[in-house]
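Predicted model and sequence follow; I will ask about them next.
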Amino acid sequence: MTVTKWRLSVLCCGTVLLAGMLFATPAASAAEKLVTVEDIKVIAPKAKPELIQAIVDAEADFAKAGITTRLTMAHFIATALVETGGLKRLDENTNYSVKGLLRVFSRKRITEAKAREIAGDPVKVANWIYRNMLGNGDYASGDGWKYRGSGYIQLTGRGNFRDRGKQIGMDLEGDPELARSPSQGLLAGIAYWTSRNINPVANENDILRVRILVNGPAAHGLDQYKVFLKKAWDKVFKGKAASGFESSEEVAAIEGIQIDDAFNNILESGDYLPPSFESSSDPVGDRKAAILAYQSDMGLPETGVIDEATEDSLLDPREWRYLEDEAPVAAPDEQLNQTLAISLPKPASSTESSIIELSASQGSGQTVADVNIDNATLEGINAATGTYPGYALATAPSPDLFEDHAVIGEDTRVAILDTTGFPSRAIVQILFSAPDGSKHLCSGSMISADTVLTAAHCIHTGTAKGQLNSNFRILPGRNVGAAPFGECGVSQVFLLNGWATAQSEDQSRDFDLGAMKLDCEVGKSTGWLGIRPLDEEVGLKTTVIGYTADRAPSGRQWRSEDELRIVWQYKGFYQNDTYGGTSGAPVFATGQTDTLIGVHTNGAFGDLDPWKSNNAFTRLTPERIALIQQWVGQ
């Protein structure tokens, strides 16, 4: 579905300008709230008053986050309701019976013996289930309980508490109880919502994508979410026509939700109903038996119908957190940050490296006898252009009309005239063919004798529908017409799962990182760069060195300096001047140009901050550095 994104501008006296059309809102609507205490009580009668009031009191915070239309607010409220079981508590309920643990949780994560040991003890359950994941320590650390799901959008894991706390200026890692208090828990939820850029998806009313952005590719809790969203829309937001301009096409997905079907799916996911159950073919039998069985297991009155108590239980988050062995909802990023390795045909001369290091090495500096670039490679380079990630291109009406606003203000880039010195000789230009046959250029960094680190979009076009690029040629330290260290091919590539399995371009952008295993050990001559994790270091001076497609002569490295403006969990933002062809270039702390802290991915694009005002790079976290070390060792 094509959705036009309109800009809203308040002119005066309650009049709104919408793409050149004027809508005069009633005078009374100026005082009408997008959401009130009464609204939420209608949707969730058992919601705690203090949790409702925090939402109503956060009008300014919602406005700042752009949650200002009926659809964005309906999706946010529905998300908060499904995450908190109807706003009844702000911390995850980990009080399970033995039967509940074995039914809900993956058998790969808990045995019957362990279930009998920890059942009925919420602290032990949380510490066991969340051990060694999402930045938590082991079972004995107690991190699972301290950093259990908390807030209006259940923030889970030490790493998420730390990152979201920094975003909102609170020490959630040091004082996790803050996330379980109404006002701070709501701010953390709003911060997560904005960090995932969910507003555009909510305004398009893409129900599945909203759930994926909140809880990962498995979209756990989708049916519970549909129930709450349907109630929120029908009972409250459908009637607030003055609070947004959604068309009937955009809301059709909500109008079509059948609550009975959603409850059937929930029962089916718990193995109470057979797969693909259809109510029309069984008006009473199987469904009633399923409900009775569920009520018996949960200790509910056995009525055989979905009464109020049964509905509350079916909508409880305990029903959906761990329904699939392969993708627990609490750790979608853990899954997405694993490796997808793809082997390419290896030339007979290929070698295997035994070097596994992440510290810098300057190499011998030995150049090749003939530094002239091979004619076939040069022809490809002359026909090539810079490349851009799909998540940036998706913001333009068509790729032909995409504008890379990567030079911000005055162009301060400085040319590097001699690339035989370190670290320039360890910085490479990458030539490749896209799936459509067109030629493109990227940058990259040597990180071992035979491994190059770069952006994922220089390797693969991204998302589950994407394709692998091909015909890779690597030119370390290229300097216009010279390749002082020769050129290499590629025998294997590595990607993060999150890049090649993403369901949308927006989802893929957090995972724009990959590596190439070369068919030579040129790093012994060029040396390679070290890697360190980037912490919250806003204001850190940053240096980017890479190739670019917009400066003459072609094939020269350029250096740009700025500072770190914003840090997200997986992305960093700065205003270093770059351009197409710089994708994959190393990002350094200024003055430490032997050690990577990030990989450049994109210039400023679109109309949403921080993307529209800054260039960006993929942040290197400890978990990702551990993966990179595995790539180096392959």
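Noted; the coordinates are in hand.

which one is Glu378 nearest to, not counting chain neighbours?
Actually, residue 378 is Leu. It isn't Glu. Nearest residue to Leu378, sequence neighbours excluded (CB to CB, 6 or more residues apart in numbering): Gly481, at 7.5 Å. Where you see a C-beta, it was placed from the backbone N, CA and C, and this is true even at glycine.

let me redo that: Ile52
Ile40 (4.7 Å).

Distance-wise, check the one you found relative to Ala80.
Going from Ile40 to Ala80 by CB to CB, to the nearest Å gives 9 Å.

okay, these two: which has more neighbours?
Ala80 (27 against 24; other CB atoms under 10 Å).

Show me the domain layout of this protein.
Split into domains by automatic domain parsing, the chain comes to 98-168, 258-328, 356-633.

Determine which of those domains approaches Pro45 most closely.
Across the domains of the chain, Pro45 has its closest neighbour in domain 258-328 (9.0 Å, CB to CB).

pLDDT score for the nearest residue to Leu468 once chain neighbours are set aside?
Spatially, and ignoring its direct neighbours in sequence, Leu468 is nearest to His460 (5.2 Å; CB to CB, 6+ apart). With respect to pLDDT, His460 has a value of 94.

what's the spacing between the residue of the chain most remote from its centre and Pro484?
Computed with CA atoms, centre = their mean, the residue of the chain farthest from its C-alpha average is Ala369, at 45.9 Å. Computed as CB to CB, the Ala369 to Pro484 distance reads 11 Å.

Residues that sit against both of Ile40 and Ala80, list them.
Residues touching both Ile40 and Ala80 by CB atoms under 8 Å, 6 or more residues apart in numbering: 55, 87.

Okay, strands next: where are they in the stretch 451-600 of the chain?
Ranges of strands in the stretch 451-600 of the chain, per DSSP state E, counting those that start in this stretch, are 451-454, 470-476, 490-496, 514-518, 530-531, 541-547, 557-567, 571-574, 586-589, 595-602.

Single out the most deeply packed of the ones you listed.
Of all these, strand 451-454 has the most neighbours on average by mean count of other CB atoms under 10 Å, namely a mean of 28.

For it, name the packing helices and strands.
Contacts defined by 3 or more CB pairs under 8 Å, 6 or more residues apart in numbering; DSSP states H and E place strand 451-454 against strand 427-433, strand 439-448, strand 514-518, strand 595-602, helix 622-633.

what do you get if the cut-off is 7 Å, keeping everything else the same?
In terms of contacts (3 or more CB pairs under 7 Å, 6 or more residues apart in numbering; DSSP states H and E), strand 451-454 is packed against strand 439-448, strand 514-518, helix 622-633.

Can you tell me what sits against the shortest one?
Residues from elsewhere that reach strand 514-518 (CB atoms under 7 Å, 6 or more residues apart in numbering): 450-456, 459, 472, 474, 488, 490-495, 628, 631, 634.

hang on, the earlier thing: list the contacts for the residue nearest to Leu468?
Contact partners of His460, counting by CB under 7 Å, 6+ apart, are 466-469, 495, 499-500.

Let's see the ChimeraX selection covering just the buried ones among those.
Buried subset of those, written as a ChimeraX selection, criterion 16 or more other CB atoms under 10 Å:
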select :466,469,495,499,500
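
hang on, Thr79 is in a helix, isn't it?
Yes - assessed by DSSP: H, G, I helix; E, B strand; the rest coil, Thr79 belongs to a helix.

Ile52 versus that one, what's the distance?
15 Å.

When these two are compared, which one has more neighbours?
Using other CB under 10 Å, the more surrounded residue of Thr79 and Ile52 is Thr79, with 27 against 21.
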